[in-house]
Every structure is written in C-alpha cells, then in structure tokens.
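Participant: 3D, please:
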Amino acid sequence: MNLVIGDPRHGRVEISVDRERGVIDVRSPSLPNATIMRREGSAASDASPIGTRDGRRTVLTVGGEPGRVSPGTGFATRRSYRVGVQFRDASYGFDPVAENLTRFTRNGIELAVFERTATSGIEASWSPDAPCTPDEAALGYSLVGAYGVGSPGVLKSVIGHGGAPF
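Facilitator: As a prediction, the model looks like this:
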C-alpha cells in the first residue's frame with residue numbers, strides 16, 4: 001500500500017507500507033529516506049501497519065542513522081497509543097489527541113499535527129514556531145506509516161472499532 005502526500009513544506013512525500021514484511025519506507029525528493037521495520041524473524045502480532053507495538057522488535061533509521069522506538073500498548077486509552085522515539089540527542093513524541101489527529105513533538109515542543117482526512121488522506125500542519133529539520137519530517141512520516149494517525153478512544157477500543165490505520 002502506498003500513500004502519497006502533498007506536504008505544504010516538504011513537497012511530495014510517499015509512504016510505502018508492506019504489512020506482510022512489516023516494512024514502512026518514507027521517500028521524498030526533499031527528505032532523507034526513513035524506514036521502520038520489524039526485526040527479521042518477528043511475526044506480526046498487532047493490527048498496526050508495522051505489525052508490532054514492541055519496540056524491541058522494531059528497527060528505525062532516518063538518513064541511515066538509527067533511532068529507538070518505544071510504542072505504547074495501543075489498547076484502550078488514547079494515551080496508550082503514544083509512541084516515543086529517541087533519535088540523535090532528542091526525544092520525540094507521536095501522541096494521538098483525537099480520533100483523527102496526532103501531535104508530533106520534539107522534547108515536548110510541537111513540531112506538527114498530522115490529520116487523517118475523511119477520504120483517508122493525511123495532512124500535516126507544521127508549527128511556525130518550531131523549526132523542523134528534514135530528518136524530523138521524515139521521522140514523523142515514518143511514524144504515520146507505522147502506527148497510523150489518531151486513535152479511537154476508550155469506548156471504541158473496548159468494543160473493537162479501532163478505525164482506519166492511517
């Protein structure tokens with residue numbers, strides 16, 4: 001599955017999702033390549049596009065540099081769908097704030113809000129107050145591909161209506 005996004009700041013961004021292999025690739029002429037994937041030999045054990053919420057079973061690279069992913073359990077509360085990332089000298093958060101919105105932060109400062117539209121497209125609103133590097137934008141889009149945007153909230157999670165993956 002491929003998702004092509006027309007980003008207002010970074011131009012054309014393509015997110016390629018291979019659920020079977022558990023590989024998410026981000027490609028763009030203006031961004032470094034970014035990849036999140038399940039470690040070899042790890043079977044899918046979760047409904048997320050990457051197929052796992054176990055950070056020990058994932059590998060992240062942005063522009064060839066490694067990072068560490070720490071996803072929440074993704075069960076009932078919106079907060080449980082949070083994903084933390086350590087990359088270079090910073091901590092990043094990928095925090096669902098509504099059924100179709102996820103906030104992307106660096107050291108607690110908002111870089112962007114990703115929105116899943118009614119047609120299952122993705123839109124990014126970049127903060128004018130916090131400069132975002134191309135590496136950070138690629139990281140944000142890799143998280144969109146691996147974990148989706150937004151989360152269903154408690155009631156929908158408990159009754160099994162988790163919503164769209166992106």
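
Participant: what about the most centrally placed residue in the chain, which SS state?
Facilitator: In the chain, the residue lying closest to the centroid (C-alpha atoms, centre = their mean) is Leu143, at 1.6 Å. Secondary structure, DSSP: H, G, I helix; E, B strand; the rest coil: Leu143 is helix.

Participant: could you measure from it over to Pro32?
Facilitator: To Pro32, Leu143 is 15 Å away according to C-beta to C-beta, to the nearest Å. Using the backbone N, CA and C atoms, a C-beta is placed for each residue, glycine as well.

Participant: returning to that earlier point: grab the nearest non-local neighbour of the residue nearest to the centre of the chain.
Facilitator: Phe94 (4.4 Å; C-beta to C-beta, 6 or more residues apart in numbering).

Participant: which parts of this structure are helices?
Facilitator: Counting by DSSP state H, one finds helices in the chain at the ranges 134-147, 154-159.

Participant: most packed of those helices?
Facilitator: Of all these, helix 134-147 carries the top mean neighbour count, a mean of 26, counting by mean count of other C-beta atoms under 10 Å.

Participant: can you pull the buried residues of stretch 64-78?
Facilitator: Neighbour-count burial for stretch 64-78, counted by 16 or more other C-beta atoms under 10 Å, picks out Gly67, Val69, Pro71, Gly72, Gly74, Ala76, Arg78.

Participant: now for those residues, which pair is the farthest apart?
Facilitator: Greatest spacing in the buried residues of stretch 64-78, by C-beta to C-beta: Gly67 and Ala76 (27.1 Å).

Participant: pretty sure Leu3 sits against Glu123.
Facilitator: No: if you go by C-beta atoms under 8 Å, Leu3 and Glu123 don't touch, sitting 11.7 Å apart.
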